[in-house]
Structures are given as C-alpha cells and as structure tokens.
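Asker: need a 3D model of the following:
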Amino acid sequence: MGNSALKSHLETSQKTGVFQLMERGLLEFPEELQRLSNNLRTIDLSGNKIEVLPANVGNFLQLKSLTLNSNRLTGLPAEIGKLKKLETLSLGGNRIQVLPPSVNQLRALRTLVLAGNQISQFPCGLGALRQLNVLDLSRNQLQNVPPEVSELQAIEINLNQNQISALSAEVALCPRLKVLRLEENCLDLGSIPQSILSQSQVSLLSLEGNLFEVKKLRELEGYEQYMERFTATKKKFI
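Answerer: Presented below is the predicted three-dimensional model:
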C-alpha cells in the first residue's frame, strides 16, 4: 500500500478517532499509527498478515476497540494490559496459543473474541474482568473447562467446536452466565453436571453435535428447572 494512501487514512483518522485498514496485505502493525496514539478509539486491521503486535500498542490509552481478526498473530505483548479503556478485543482467526497475564488488567473489557486460534488451556485469571459480557473461545483446542471458570462474569461463553470432554460443575457458579455454547465437542451425557441444569443461571445450553442425542438431556435431574429458565427467557423475546 502506498504512502499517500496511508497518509490519507491517517488524516481521516485524526478527525474521526477511527482507523480501519482491512485486507491490504499488511505484514506489520503500521508504525505511523503512533502519531495518533493519543486520540484513536478504534483500530481494525482485520484480514492482513500481521505476525506481531508491537509493545508500543500499549501507548493507545484512549483505545476502546482493537480488532485484528484473520491475521497471523501467535501471541500478544504484555503491554496490552495498559489499554485501560479497551472494551472490545477481537482476535479471531489467528495462531494464538496463550494469553499474557496482563490481559487480566483490561478492566473495561466487555467482549473478548479468541475464536479460531490454537488455545489448548482455558485462559485463567479472566475473572478479574468484572465488565466482561462475552467470551468467545470457539474453534480452539480446549479439552476441558476447569473449576476456575466459576470466577468469570461473562453473560455468554462460546466454546463450540473444541475437543472438550470434561466440564467442571463449577460452571454453575458463574454469577451472570445465561448462554453456554458447547456444540461439536466430545461430551457424553455423563459429562454434563446436573448443577448446570438445576442451580445455574444458564437459560440457553447449546449441546448439539456431542456424543449423545440432545433429547437425552431430559433424563437428567434438574432438566425441568432448566426448561423453566429457557421458556421464561424465550417469552421475553416474543
């Protein structure tokens, strides 16, 4: 991409606080963006070939939304934790295996999208994100959901298309969890904790494509309580 085109984008972004440059074959996070670090609120560099997010991303202190879907990132710099105003971090379709502990410092974060990466361990410490509404870990390599999941404040957790065969009963303790998506995993009927059905806040439990027929859920203790929540939620949207 020519310098004049980039300059034009930068001039527009100076006025709008929004920088979007998708599918341009970029190999690196544009160094020129540093000039706008004091006023950019949105950066979207989806569909490029960026392999490394530089440490100086931590300079964008006004940033509310950072989207780098469909790049080639293998990780994040520790400095990501400096983005105290960040509300949306979308990193779907990269090659990320683990998150740095500093992600737990993103206290304004509401949406965290990590779909389509190479994450094999459920990220710990995300319970510190008290504003988190949506956590998308679909299409990764997770094999279990650990007890630490109970610390999450998320309203929706998407774990579709992983390799999950074990689901901790502590997921029932998530204080705000309403939607739990577990489609196309390796769960059998005995892996579904009864507490999710009888004691949790979950009103939509999505389990298609596992090692049992979904209608078998009816045989589990607590199914009626779950259906009461499901029906009550459905009525709200009719």
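
Asker: give me the low-pLDDT residue ranges for this structure?
Answerer: Applying pLDDT under 70 to the chain flags residues 1-5, 237-238.

Asker: just confirm residue 43 is within a strand.
Answerer: Yes. Under DSSP: H, G, I helix; E, B strand; the rest coil, residue 43 sits within a strand.

Asker: partner residues bridging it?
Answerer: Assessed by DSSP bridges, residue 43 has beta-bridge partners residue 19, residue 66.

Asker: so it makes contact with residue 33?
Answerer: Yes. Counting by C-beta atoms under 8 Å, residue 43 does reach residue 33; the two are 7.2 Å apart. Using the backbone N, CA and C atoms, a C-beta is placed for each residue, glycine as well.

Asker: got a list of what residue 180 touches?
Answerer: By C-beta atoms under 8 Å, 6 or more residues apart in numbering, the contact set of residue 180 is 156-157, 159, 171, 196, 202, 204-206.

Asker: check the secondary structure at it for me.
Answerer: Relying on three-state DSSP, one would call residue 180 strand.

Asker: so that it lines up with my notes, have the first residue be 14 from now on.
Answerer: Yes, from this point I'll number from 14; that puts the last item at residue 193.

Asker: so what sits against both of residue 56 and residue 46?
Answerer: Joint contacts of residue 56 and residue 46 (C-beta under 8 Å, 6+ apart) are 32, 73.

Asker: so which strand or helix has residue 239?
Answerer: helix 236-249 (DSSP states H and E).

Asker: buried residues, that helix. List them.
Answerer: Buried residues in helix 236-249, counting neighbours by 16 or more other C-beta atoms under 10 Å, are found at 236, 239, 242.

Asker: and if you look at stretch 87-103?
Answerer: 88-90, 92-96, 99-103.

Asker: farthest-apart pair in the residues you listed, please.
Answerer: The span of the buried residues of stretch 87-103, defined through C-beta to C-beta, is set by 88 and 100 at 21.7 Å.

Asker: residue 173 contacts residue 192, doesn't it?
Answerer: No. Counting by C-beta under 8 Å, residue 173 does not reach residue 192; the two are 11.4 Å apart.

Asker: show the backbone phi and psi for residue 165.
Answerer: phi -70, psi 140 (degrees, to the nearest 10).

Asker: for the contacts of residue 193, could you give me CSV that also reports neighbour count?
Answerer: Listed next are these as CSV, based on neighbours: other C-beta atoms under 10 Å:
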residue, neighbour count
169, 17
170, 23
172, 25
184, 23
209, 24
215, 21
217, 14
218, 18
219, 16
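
Asker: return the subset of those residues lying in helices.
Answerer: Among these, DSSP state H puts residue 209 in helices.

Asker: now the contacts of residue 193 as TSV including distance to residue 131?
Answerer: Shown next, in TSV, are the contacts of residue 193 (distance: C-beta to C-beta, whole Å):
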residue	distance to residue 131
169	22
170	19
172	15
184	23
209	27
215	28
217	27
218	26
219	23
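
Asker: for residue 150, state which of the contacts of residue 193 is nearest.
Answerer: residue 172 (5.6 Å).

Asker: tell me the contacts of that closest one?
Answerer: 150-151, 155, 158, 193-195, 198.

Asker: residue 146 too?
Answerer: Residue 146 neighbours (C-beta under 8 Å, 6+ apart): 123-124, 167-169.

Asker: and those, which of them are buried?
Answerer: Counted by 16+ other C-beta under 10 Å, these give 123-124, 167-169 as buried.
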